[in-house]
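1. Build me a model from this:
(chains A and B)
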Amino acid sequence: MTGRVITITSGKGGVGKTTATANISAALAAMGHKVVCMDADIGLRNLDVVLGLENRIVYDLVDVVEGRCKVRQAMIRDKRLEELYLIPAAQTRDKNAVAPKDMVRICDELRQDFDYIVIDSPAGIERGFKNAIAPADEVVIVTNPEVSAVRDADRIIGLVEAEQKGPAKLVVNRINTEMVERGDMLAVADVLELLAVELIGIVPDDTAVLVSTNKGAPIALEPKSKTGQAFRDIARRLTGEDVPFSAGNGNNGFLGRLSKLMKSKEGRNA
Amino acid sequence: MSDVQALQIDIKGIREGLLVTLPEGEWPALEQALLEELARRGEFLKGAKLIINVDAHDLNVAAMSRLRDRVTDSGLLLWGILSNSAQTERSAQLMGLATRIHDGSRAPEPEAEDGYEEAAAPQDIGPDGGIMVRRTLRSGASLHAPGHITIIGDVNPGAEVVAGGNVVVWGRLRGLVHAGANGNAEAIVCAMDLSPTQLRIAGHIAIPPAERGQVSPEIARVQDGQVIAENWTLG
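-> Below is the predicted model of the structure:
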């Protein structure tokens, strides 16, 4: 088995990287894939909290790097999904405790046993980011429909290209359709126009995400949730499925504009 | 001086600073040899701006930032990287390093600390003094050239383009642009969509209005001491 390493990053903090990592990982595992997600945010870990696995941590990523345990021993199996594992970050150390080559080595080992290795990158463009993208086969950029987040995403896309890990894929998180209609928020089309990369997900702004995060239960596992559906669609697109964007979003004007824009982008790339 | 250098590193003064030319060889060894040479000459070179010609070596951002840190540790400033590797050139641009120098081997002139504007007379750019870039410059990218710059692609907000001559963008210009950076007020900037965060020509600075109507190709230049933008039409 040779697993794919997917790194979730953003540049700016607070746009929903960890939520996206937890939900995409859960959705992939629910599809029957073997998945391990890894928290590369050494010193500020929280993927374990979002997955509700905080109290089971014995060893962490730094223990693996420094040889105090085997990779297997640091992996925590999810409560709900048989095929989902977490490798937590260390809370008491900083980013310099891990080097990019350590991440490559650990991921190469994990590739043998897993279909997908999903890495939650810290914010910023320093060591932690470099650690997170070093082993990546694919990079997913999470952004919000706000100018500062998009600016940072643009910078990150450039850095990912320079590291020859591109082209990055884009998830626009926290879209509020009503606000977009009123003209108070950037639309997905505006974001795409600037970033010009492949869009693989639009996640609505949903307070239920907060609730699920606090409960440690990924919303991607709630079959009725539209937000959960958005994350499940992202997971399917990452596996190579062609999933149309119309699901769960009935706004013709907005989607019409979006699909038009995407067609013109395809035309330009051809 | 009695040391026999296995790898001959050539350092000469040019207008922009010191041009370092590396011999044939493998990258880590060359980097090591370069740093040793800098350490050996340390006192003579202190504070100088280095432009390193790495030839065809592929350097990613990580390798280049390591090189920059080490050069800085030697008491020098890494100012530019010359290379015919596309990857190296992009890495250098992303890090805000120069990737072109004035063609010529004139002795370095004392230069003002921060000012292109301070530089003496407008340069004669000549018919072939330009570069062309076929990609989009994203936030954080920086492109500097002594002559004209033509970009086929967009210049996104957070990116900067600084040219001694004119800047032509066949795409959306939304970042910072500085034409005639050596003081040439005759320089122009044109773009299919001219919406820079800030536009400078020589010593003039203009901040375009935020809200604009229909987008059309425009050309900006200095007229009577003011930066003006008008429709870019033939003739």
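2. burial measure for B:Pro157, as a count.
-> Residue crowding around B:Pro157 was assessed by other CB atoms under 10 Å in any protein chain shown; the count is 19. For glycine as for every other residue, the C-beta is placed from the backbone atoms N, C-alpha and C.
3. oh, I was asking about B:Pro208
-> Using other CB under 10 Å as the criterion, B:Pro208 is surrounded by 17 other residues.
4. what's the answer for A:Gly52, then?
-> Under the neighbour criterion other CB under 10 Å, A:Gly52 is assigned a count of 19.
5. How about B:Ser85?
-> Here the count is done by other CB under 10 Å, and B:Ser85 has 16 residues near it.
6. Please enumerate the strands of the stretch 151-270 of chain A.
-> Counting by DSSP state E, counting those that start in this stretch, the segments of the stretch 151-270 of chain A that form strands are A:169-175, A:198-204.
7. Nearest to chain B among those strands would be which one?
-> Across those, the minimum distance to chain B, taken as CB to the nearest CB, is reached by strand A:169-175, at 13.1 Å.
8. So what touches that closest one?
-> Contacts made with strand A:169-175 from outside it, assessed by CB atoms under 8 Å, 6 or more residues apart in numbering or on different chains, are listed as A:15-16, A:19-20, A:138-145, A:153, A:185, A:188, A:191-192, A:195, A:197-205, A:234, A:238.
9. With stretch A:64-75 instead?
-> With CB under 8 Å, 6+ apart as the contact definition, stretch A:64-75 has outside contacts at A:36, A:58-61, A:63, A:85-88, A:97-99, A:102, A:106, A:109-110.
10. What is the neighbour count of the residue in chain B that chain A sits nearest to?
-> Each residue of chain B has a distance to chain A, by CB to the nearest CB, and the smallest belongs to B:Arg138, at 3.6 Å. Residues within reach of B:Arg138, counting by other CB under 10 Å, total 29.
11. looking at it, it is touching B:Pro157, isn't it?
-> No - if you go by CB atoms under 8 Å, B:Arg138 and B:Pro157 don't touch, sitting 9.4 Å apart.
12. Any stretches of the chain with poor pLDDT?
-> The chain I'm using is chain A. For chain A, residues meeting the criterion pLDDT under 70 lie at A:1, A:246-270.
13. that's the other chain; I wanted chain B
-> Where chain B drops to pLDDT under 70, the residues are B:1-6, B:42-43, B:102-128, B:211-212, B:234-235.
14. From the recorded domain assignment, give the ranges for it.
-> Recorded structural domains for chain B (assignment: automatic domain parsing) are B:10-94, B:130-231.
15. right, so the ones you listed: which one is the most enclosed?
-> Using mean count of other CB atoms under 10 Å in any protein chain shown, the stretch among the domains of chain B with the largest mean neighbour count is domain B:130-231, at a mean of 19.
16. Please enumerate the helices of the chain.
-> You didn't say which chain, so I picked chain A. Under the criterion DSSP state H, chain A contains helices at A:17-30, A:47-50, A:61-65, A:71-74, A:100-111, A:127-133, A:147-162, A:177-182, A:188-195, A:207-215, A:226-238, A:252-269.
17. right idea, wrong chain: chain B
-> In chain B, the helices defined using DSSP H lie at B:27-45, B:61-73, B:86-94.
18. Give me the contacts around the first one.
-> With CB under 8 Å, 6+ apart as the test, helix B:27-45 has contacts from B:3, B:5-7, B:9, B:11, B:18, B:20, B:22-23, B:25, B:52, B:54, B:57, B:59, B:63, B:67, B:70-71, B:74-76.
19. A:Leu47 contacts A:Ile87, doesn't it?
-> No - at 9.0 Å, A:Leu47 does not count as touching A:Ile87 under the criterion of CB under 8 Å.
20. From B:Arg90, how far out is the residue nearest the centre of chain B?
-> For chain B, the residue sitting closest to the mean C-alpha position, by CA atoms, centre = their mean, is B:His144 at 2.2 Å. Plainly put, B:His144 is 14 Å away from B:Arg90 if you go by CB to CB, to the nearest Å.
21. who does A:Val140 bridge with?
-> In this structure, A:Val140 has beta-bridge partners A:Ile8, A:Lys169, where bridges are defined by DSSP bridges.
22. what does chain B have sitting close to chain A?
-> Counting by CB under 8 Å from any CB of the partner chain, chain B comes close to chain A at B:60-62, B:87, B:90-91, B:94, B:136, B:138-141, B:154, B:156-158, B:174.
23. which residues are common contacts for B:Arg138 and B:Pro157?
-> Common neighbours of B:Arg138 and B:Pro157, counting by CB under 8 Å, 6+ apart, are A:Asp154.
24. quick one, what contacts the closest residue in space to A:Asn46 that isn't next to it in sequence?
-> The shortest distance from A:Asn46 to any residue other than its chain neighbours is 5.6 Å, reached at A:Thr18 (CB to CB, 6 or more residues apart in numbering or on different chains). By CB under 8 Å, 6+ apart, the residues touching A:Thr18 are A:Asp39, A:Asp41, A:Asn46, A:Leu47, A:Val50, A:Asp120.
25. now for those residues, which pair is the farthest apart?
-> When CB to CB is used, the two most widely separated members of the contacts of A:Thr18 are A:Asp41 and A:Val50, lying 11.5 Å apart.
26. thinking again about what came up before, can you say which of the helices of chain B is nearest to A:Gly3?
-> Closest to A:Gly3 of the helices of chain B, according to CB to CB: helix B:61-73, at 23.9 Å.
27. Just want the angle from the closest one to helix B:86-94.
-> Interaxial angle, helix B:61-73 versus helix B:86-94 (axes from the mean of the first three to the mean of the last three CA atoms, to 10 degrees): 60 degrees.
28. counting contacts, what elements does helix B:61-73 pack onto?
-> In this structure, helix B:61-73 makes packing contacts with helix B:27-45, strand B:77-83, helix B:86-94, judged by 3 or more CB pairs under 8 Å, 6 or more residues apart in numbering or on different chains; DSSP states H and E.
29. wait, which of the strands of the stretch 151-270 of chain A is closest to B:Ile201?
-> With CB to CB as the yardstick, what comes closest out of those is strand A:169-175 (35.0 Å).
30. Could you check how far the closest one is from the centre of its chain?
-> Computed by CA atoms, centre = their mean, to the nearest Å, the separation of strand A:169-175 from the middle of its chain amounts to 10 Å.
31. I'd guessed B:Gln87 sits against A:Glu163; true?
-> No - B:Gln87 lies out of contact with A:Glu163 (CB under 8 Å); the separation is 9.6 Å.
32. okay, and the common contacts of those two?
-> Residues within reach of B:Gln87 and of A:Glu163 at once, by CB under 8 Å, 6+ apart, are B:Asn60.
33. tell me the contacts of A:Leu44?
-> When contacts are taken as CB under 8 Å, 6+ apart, A:Leu44 is in contact with A:Ala89, A:Gln91, A:Pro122.
34. excluding its backbone neighbours, what's nearest B:Lys12?
-> Spatial nearest neighbour of B:Lys12, chain neighbours left out: B:Leu19 (5.5 Å); criterion: CB to CB, 6+ apart.
35. Run through the bridge partners of that neighbour.
-> Taking DSSP bridges, one obtains B:Lys12, B:Ile51 as the residues bridged to B:Leu19.
36. Tell me how far it lies from A:Ala217.
-> Shown here: B:Leu19 relative to A:Ala217, a distance of 61 Å by CB to CB.
37. Show me how to select, in ChimeraX, the buried members of the contacts of strand A:169-175.
-> Only the buried members of those end up in this ChimeraX selection, burial being decided by 16 or more other CB atoms under 10 Å in any protein chain shown:
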select /A:15,16,19,20,138,139,140,141,142,143,144,145,153,185,188,191,192,195,197,199,200,201,202,203,204,205,234,238
